[in-house]
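Trainee: this one's structure only:
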């Protein structure tokens, strides 16, 4: 009977180790710079929201930092992720240049609404529950 218990414990340990490794691997997929190529909601064309520069986010998972731009202003802050959940409601530093149009405000509001993320090859998607609200392409 004791041998059976050891086998069960070993199996549970192996399964849990794989789950921890997978979560870490998924988290590391965020590393790098991502450029916005889709945002939900606006009645204005994407190119009209971001005529000069598309928003970008750079994730540094090792130091739990986030950097980027809103297409107009620079931003930085803490990277708060657990499994595939992401939280942009922590305070972020943001420069205060005047920005024309609605693009920056829509970008910041959409970040705050994001609750989860998924990475599929070179595409990062932010979701509000199960609805894709932003999509990014990985920059080389």
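Mentor: Structure received. Because the structure is a prediction, the values reported are computed rather than measured. Numbers count the residues shown, from 1 in each chain.
Trainee: The closest residue to residue 29 other than its chain neighbours in helix, strand or coil?
Mentor: Ranked by Cβ to Cβ, 6 or more residues apart in numbering and with sequence neighbours excluded, the top spatial neighbour of residue 29 is residue 119, at 4.1 Å. Where C-beta positions appear, they are placed from N, C-alpha and C, glycine not excepted. Under DSSP: H, G, I helix; E, B strand; the rest coil, the three-state class of residue 119 is strand.
Trainee: Residue 103 against residue 53, yeah?
Mentor: No - counting by Cβ atoms under 8 Å, residue 103 does not reach residue 53; the two are 9.5 Å apart.
Trainee: Overlap of the contact sets of these two?
Mentor: 71-72 (Cβ atoms under 8 Å, 6 or more residues apart in numbering).
Trainee: Please say which of the two ends up with more neighbours.
Mentor: Between residue 103 and residue 53, residue 103 has the larger neighbour count (other Cβ atoms under 10 Å), namely 25 against 12.
Trainee: Roughly how far does that one sit from residue 120?
Mentor: Distance of residue 103 to residue 120, given as Cβ to Cβ, to the nearest Å: 25 Å.
Trainee: where do the helices sit along the chain?
Mentor: For the chain, the helices defined by DSSP state H cover 2-28, 46-49, 103-113.
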